[in-house]
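Student: Got a sequence here, can you build the structure:
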Amino acid sequence: MLKVVGSVCDKQTALFSTVPALHDAYARYKAILSEIDAVGVQAATVVKGVTAGKNQVREQLVKSALVVSRALMAYAHLAGNVTLQQEVHYSQSAFRSMSNKNLLFISKKIYDKGVEFASDIANYGVDNTMLAQFLAAYNDFSVKAPAPREAIDVRKANNEKIGALVSQAADLLSNEIDNLVFILPDENADFKNVYKNSRNIVSRHGKTKNAGPPPNENQPAQ
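Tutor: Purely as a prediction, here's the structure:
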């Protein structure tokens, strides 16, 4: 992985400073790693914010549906309307465990019953204002319940950006840093071996970096 190589090279700042080209190449490499981290943090922050907003709207819908359903249940019991009581009988835990699709379906059913029996449940603490708030919460969640487009778009864009940055870092390693480390004096053999091993770690795609092209079997030995 890219950061494994970074952790190995970070210990060799003094050595790298003796080779200007290597020092410069590694500085560019570290800048790319920092940018990858920044993009990842940005994506996580946006996705977290969208999810939090969606959960807040869902909780408001659950609260509204629960209040109206309780008022309808109380009225239905007094009126002896068993059918109505059964139609709107949902506990708080039941609402919260529903899928988004079911919550929308059940909430709409309860809202419709609330409108139908609005004059009857007015004395139970549910007036037209509360019903309007219920409908607003329903409409708001209807928009946010599907997969949040913003979060999906941000995740996709940032994944593409991270992919491009990873390619840049890999290209920088293969074409500059690998070559510059290779030509370091022999007294740095220990570091060179550790570096080589870090470059042979299985990549994030499950492939091992090849040390070079396969030998040509038809080429005569030197």
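
Student: Check which helices and strands the helix or strand of the chain with the lowest mean pLDDT sits against.
Tutor: Taking mean pLDDT, DSSP states H and E as the measure, helix 149-172 is the helix or strand of the chain with the lowest mean score, a mean of 84. For helix 149-172, the helices and strands in contact under the criterion 3 or more CB pairs under 8 Å, 6 or more residues apart in numbering; DSSP states H and E are helix 2-9, helix 20-79. No exception for glycine: its C-beta is placed from N, CA and C like everyone else's.

Student: Export those helices to CSV and append columns for distance to N123, mean neighbour count and mean pLDDT.
Tutor: Output for these, formatted as CSV (distance: least, CB to CB, whole Å; neighbours: other CB atoms under 10 Å; pLDDT from 0 to 100):
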stretch, distance to N123, mean neighbour count, mean pLDDT
helix 2-9, 66, 16, 89
helix 20-79, 8, 17, 86
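
Student: Nearest to E116, out of the ones you listed?
Tutor: Closest to E116 of the helices and strands packed on helix 149-172, according to CB to CB: helix 20-79, at 9.3 Å.

Student: chain center to that closest one: distance?
Tutor: With CA atoms, centre = their mean, to the nearest Å as the basis, helix 20-79 stands 8 Å off its chain's centre.

Student: Same list, the helices and strands packed on helix 149-172, but as JSON lines with distance to A118 please.
Tutor: JSON lines is the format used below for these (distance: least, CB to CB, whole Å):
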{"stretch": "helix 2-9", "distance to A118": "62"}
{"stretch": "helix 20-79", "distance to A118": "10"}
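
Student: what's the closest of the ones you listed to F182?
Tutor: Nearest to F182 among the helices and strands packed on helix 149-172 is helix 20-79; the distance by CB to CB comes to 10.6 Å.

Student: what's the spacing between E116 and D153?
Tutor: 40 Å (CB to CB, to the nearest Å).

Student: One more: A94?
Tutor: 34 Å.

Student: Looking at those two, which is more packed in?
Tutor: Remark: of A94 and D153, A94 carries more neighbours, 15 against 11, as counted by other CB atoms under 10 Å.
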